[in-house]
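Student: dropping a prediction and its sequence here:
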Amino acid sequence: MTRFSVGDHVRWNSEAGFVEGVVVKKHTRDLDWKGHVHHCTEEDPQYEIKSDKSDHIALHKGGALTKIPKSG
């Protein structure tokens with residue numbers, strides 16, 4: 001399983017196509033996110049990612065993310 005760290009640049013597939021952003025937080029305990037409980041553990045964390053193109057923050061498991069090189 002791929003692990004990510006705060007500051008990693010990642011890509012994921014959204015309803016609108018591929019999005020890129022930076023990991024801003026790693027969650028290892030269950031959390032309430034926008035009215036839904038998301039299950040997280042040390043072995044299966046979820047990551048908060050800030051989109052490169054907007055202020056949107058997404059929450060995803062590592063399996064949905066691909067690490068990419070930082071541009072610029």
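Tutor: Nice, I can see it.

Student: Ala58 contacts Glu20, doesn't it?
Tutor: No - taking contacts as C-beta atoms under 8 Å, Ala58 lies outside contact range of Glu20: 10.9 Å. The C-beta positions use only the backbone N, C-alpha and C, and glycine is treated the same way.

Student: any common contacting residues for those two?
Tutor: Between them, Ala58 and Glu20 share these contacting residues under C-beta atoms under 8 Å, 6 or more residues apart in numbering: Ser51.

Student: work out the gap between the helix or strand encompassing Ile49 and the centre of the chain.
Tutor: If you go by DSSP states H and E, Ile49 is part of strand 46-51. On the basis of C-alpha atoms, centre = their mean, to the nearest Å, strand 46-51 sits 3 Å off its chain's mean C-alpha point.

Student: report the distance from whatever helix or strand comes next after that strand to the chain centre.
Tutor: Downstream of strand 46-51, the next assigned helix or strand under DSSP H and E is strand 57-61. Mean-position distance between strand 57-61 and its chain equals 4 Å (C-alpha atoms, centre = their mean).

Student: okay, now the sheet partners of strand 57-61, with direction.
Tutor: Strand 57-61 has the following strand partners under DSSP bridges: strand 46-51 (antiparallel).

Student: in the partner strand, what's buried?
Tutor: For strand 46-51, burial by neighbour count (16 or more other C-beta atoms under 10 Å) applies to Gln46, Tyr47, Glu48, Ile49.

Student: contact partners of the lengthiest strand in the chain?
Tutor: Counting by DSSP state E, the longest strand found in the chain is strand 17-27. With C-beta under 8 Å, 6+ apart as the test, strand 17-27 has contacts from 4-13, 38, 40, 45-53, 57-59, 68.

Student: just the buried subset of the residues you listed, please.
Tutor: With burial judged by 16+ other C-beta under 10 Å, the buried subset of the contacts of strand 17-27 is 4, 8-10, 12, 40, 45-49, 58-59.

Student: greatest separation within those residues: which pair is it?
Tutor: Using C-beta to C-beta, the buried ones among the contacts of strand 17-27 span at most 21.2 Å, a distance reached by His9 and Cys40.
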